[in-house]
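A.B. asks: please work out how this folds:
(one chain, ligands or ions: 2)
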Amino acid sequence: MPVTYNNHGRDLEATSDAVDDVNIIRGKMWNAESEFDKDKDKARFRDYEFACERVKEFYREQHAKQTVEFNIKARVDFKTRQRARMGIWEAMELLNTLIDESDPDTSVSQIEHLLQTAEAIRRDGKPEWMQITGLVHDLGKLLLIFGSEGQWDVVGDTFVVGCRFSDKIIYPETFDANPDSRDSVFSTEYGIYKPQCGLDSVMLSWGHDEYLYHVLKDQSSLPPEALAMIRYHSFYPWHREGAYMHLTNEKDLKSLEAVRAFNPYDLYSKSDEPCDPQKLRPYYERLIAKFFPPVLDW
Ligand SMILES: [Fe+2]
Ligand SMILES: [Fe+2]
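C.D. replies: Ligands and ions are numbered 1, 2, ... in the order given. Next comes the predicted model:
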């Protein structure tokens, strides 16, 4: 099975890395000019441009297809279909095989990204629940073998569907191709939602974050902050750009703080020292046993 999916996996990884690169660039935007002036590294700049091109193509598709209709269908599928039963470490290894043979120069393997994120959190003396959140946060990318329609319903920044697409979303003009942007309800400021209804009542575009949140919310003893980190880690329009505040409530402010604390570990740990999965496994198996059942329904 993994062999068949290897190409899809590699492709997904390239897109996912490019999405991260662009988020890193956007995070530095406020002082980007001076940095680029100082740093005459043209090759690096070309990498950025390349990432932007790939990412733009990706978002063109994602923004056209993430409709309310698709999102309802994705959630019905989630609830009604059986996918797999396995433990956390097994899921990590499966994700790694699926997205194997990544370009060694440009990206770390999936298992390594999970371990580096967890290890960076651990090094900073953060609690065990946050370390384990780092370890599992991208396992939702397994959607790729569980019948996703493409990459656009697995990775990329997320946003709210069912109300007007925020202009704080990356490449907002590409929503012109989404039929919901012409819908008489979905195109309004509040759409199908009430003011300050809370993000729990809001439908976020379907992808690895939303999927994993639904898998783990009833199959773990993770605290609400951890579940927020998992669910909202790609929700950049909200956690970085401050969009959708008209839909949030008191509880979401706590989530926002958690997600912002998590984000740097996800984005910036890729350049850390490589990790040895076999050496780290005993430590993390102990944590896994603390927070998860031995086998989970995926
Ligand atoms: Fe992610
Ligand atoms: Fe990640």
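A.B. asks: can you pull the pLDDT of the closest residue to P293 other than its chain neighbours?
C.D. replies: Counting by CB to CB, 6 or more residues apart in numbering, Q219 is the residue found nearest to P293 once chain neighbours are left out, at 6.2 Å. Using the backbone N, CA and C atoms, a C-beta is placed for each residue, glycine as well. Predicted confidence (pLDDT) for Q219: 98.
A.B. asks: same question, the one 3 residues further on
C.D. replies: The per-residue pLDDT reported for L222 equals 98.
A.B. asks: and it, its phi and psi?
C.D. replies: Backbone torsions for L222, taken as degrees, to the nearest 10, come to phi -70, psi 140.
A.B. asks: how many residues are close by the residue nearest to P293?
C.D. replies: Neighbours of Q219 under the rule other CB atoms under 10 Å: 15.
A.B. asks: and W89, by the same measure?
C.D. replies: Applying other CB under 10 Å, we find 16 residues neighbouring W89.
A.B. asks: am I right that it is in contact with Y283?
C.D. replies: No: counting by CB atoms under 8 Å, W89 stays clear of Y283, with 11.7 Å between them.
A.B. asks: G140: what's it in contact with?
C.D. replies: 154, 207-213, 215, 230 (CB atoms under 8 Å, 6 or more residues apart in numbering).
A.B. asks: out of those residues, flag the one nearest to I170.
C.D. replies: For the contacts of G140, the residue nearest I170 by CB to CB is G207; the value is 14.0 Å.
A.B. asks: quick one: the closest one and Q151 touch, right?
C.D. replies: No: judged on CB under 8 Å, G207 makes no contact with Q151 at a distance of 9.5 Å.
A.B. asks: state the number of residues packed around L143.
C.D. replies: Neighbour tally, L143, other CB under 10 Å: 25.
A.B. asks: from the contacts of G140, which is closest to Y59?
C.D. replies: Nearest member of the contacts of G140 to Y59, counting by CB to CB, is G207, at 12.4 Å.
A.B. asks: OK, contacts around the closest one?
C.D. replies: 140, 143, 153-156, 158, 234.
A.B. asks: again, but for G134
C.D. replies: 114, 117-121, 262, 265-266.
A.B. asks: next to ligand 2, which bits of the chain? Give me the list.
C.D. replies: Taking CB under 5 Å from the ion as the criterion, the chain approaches ligand 2 at residues 138, 266.
A.B. asks: which stretches of the chain form strands?
C.D. replies: 85-86, 160-161, 203-204, 296-297 (DSSP state E).
A.B. asks: for the third one, packing partners?
C.D. replies: In this case it means strand 203-204. If contacts are counted by 3 or more CB pairs under 8 Å, 6 or more residues apart in numbering; DSSP states H and E, strand 203-204 sits against strand 160-161.
A.B. asks: just checking, what packs against the strand it packs on?
C.D. replies: Applying 3+ CB pairs under 8 Å, 6+ apart, one finds that strand 160-161 contacts strand 203-204.
A.B. asks: so how far is the strand it packs on from its chain's centroid?
C.D. replies: Distance, stretch centre to chain centre, for strand 203-204: 14 Å (CA atoms, centre = their mean, to the nearest Å).
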